[in-house]
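1. coordinates only, sequence not included:
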Ligand SMILES: Nc1nc2c(ncn2[C@@H]2O[C@H](COP(=O)(O)OP(=O)(O)OP(=O)(O)O)[C@@H](O)[C@H]2O)c(=O)[nH]1
């Protein structure tokens, strides 16, 4: 397991830590979306992920410092880590397919099923159609994905890790929605409890993350 610091958040206090998981078939671009978001990097000869890795980046949402802890695992079954451990504590998920490969979109319901079986029921989910730079090889019409996302109550965006289109936007959308959900938890009793698809006003359980954590005065190891 590898961890890392993201850019833009090296100092100062962190108000919240949100764990987000990336899931989807092998080679859809999960690792490269993470590399683009956490380090603003991209690699064409990206290796298949083995096991689990995570990276972090700190964002500012409504004057709060939010650390996104993004977990990436293998799409290939034989390299996958223990599923329930991967999902434990996750408050957000990116469900990724490759818009040039129809079967990766057709497998999305299976990934959603796994997610719903293992993750907190109030987890915020965004569906991502990656590789939008390859428009001439498109195999999944935007409308099909949009319709699916609406039916399942997911956010949806098409991205390109290669040219960075919508990568910031998709992580920001997810983190902002998680923040809003956590922020509104005190309104749970007034919330829309008749609508099971709605996260608004519902309490979200965040074991080990997402809670307000005390400000740190300093962290280790400044070199001079
Ligand atoms: N053209 C294009 N290629 C991409 C994009 N994102 C990723 N790729 C390429 O797609 C291949 C697979 O990307 P990865 O990020 O390793 O895929 P993954 O989903 O993490 O794969 P696993 O680790 O096996 O689950 C690599 O060759 C990437 O360079 C993109 O937005 N556009």
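-> Sure thing, it's come through. Please read all numbers here as calculations on a predicted model, not as lab measurements.

2. In this structure, where is pLDDT below threshold?
-> Within the chain, the ranges that satisfy pLDDT under 70 run 1-11, 81, 185-224.

3. can we see that at 90?
-> 1-13, 45-53, 73-85, 121, 182-224 (pLDDT under 90).

4. Helices of the chain, start to end?
-> For the chain, applying DSSP state H gives helices covering 30-39, 83-87, 102-106, 108-118, 142-152, 167-183.

5. what's the angle from the longest one to helix 30-39?
-> For the pair helix 167-183 and helix 30-39, the angle between their directions (axes from the mean of the first three to the mean of the last three Cα atoms, to 10 degrees) equals 80 degrees.

6. Please point out which parts of helix 167-183 sit buried.
-> Within helix 167-183, the residues scored as buried using 16 or more other Cβ atoms under 10 Å are 167, 170-171, 173-175, 177-179, 181-182. In short, each C-beta sits where N, CA and C put it, glycine included.

7. Enumerate the residues of the chain near the ligand.
-> Contacts of the chain with the ligand, taken as Cβ under 6 Å from any ligand atom, map to 26-32, 43-44, 46, 48-49, 74-76, 130-131, 133-134, 160-162.

8. From those residues, list just the buried residues.
-> For these, buried by 16+ other Cβ under 10 Å: 27-32, 49, 74-75, 130-131, 133, 160-162.

9. Mind picking the two most distant members of the residues you listed?
-> Greatest spatial distance among those (Cβ to Cβ): 74 and 133, at 23.8 Å.

10. thinking again about what came up before, tabulate the helices of the chain in TSV, adding columns for distance to residue 16.
-> Shown next, in TSV, are the helices of the chain (distance: least, Cβ to Cβ, whole Å):
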stretch	distance to residue 16
helix 30-39	17
helix 83-87	19
helix 102-106	32
helix 108-118	22
helix 142-152	26
helix 167-183	7
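
11. Mind checking these for the one nearest to residue 95?
-> Across the helices of the chain, closest to residue 95 is helix 108-118 (Cβ to Cβ), at 5.6 Å.
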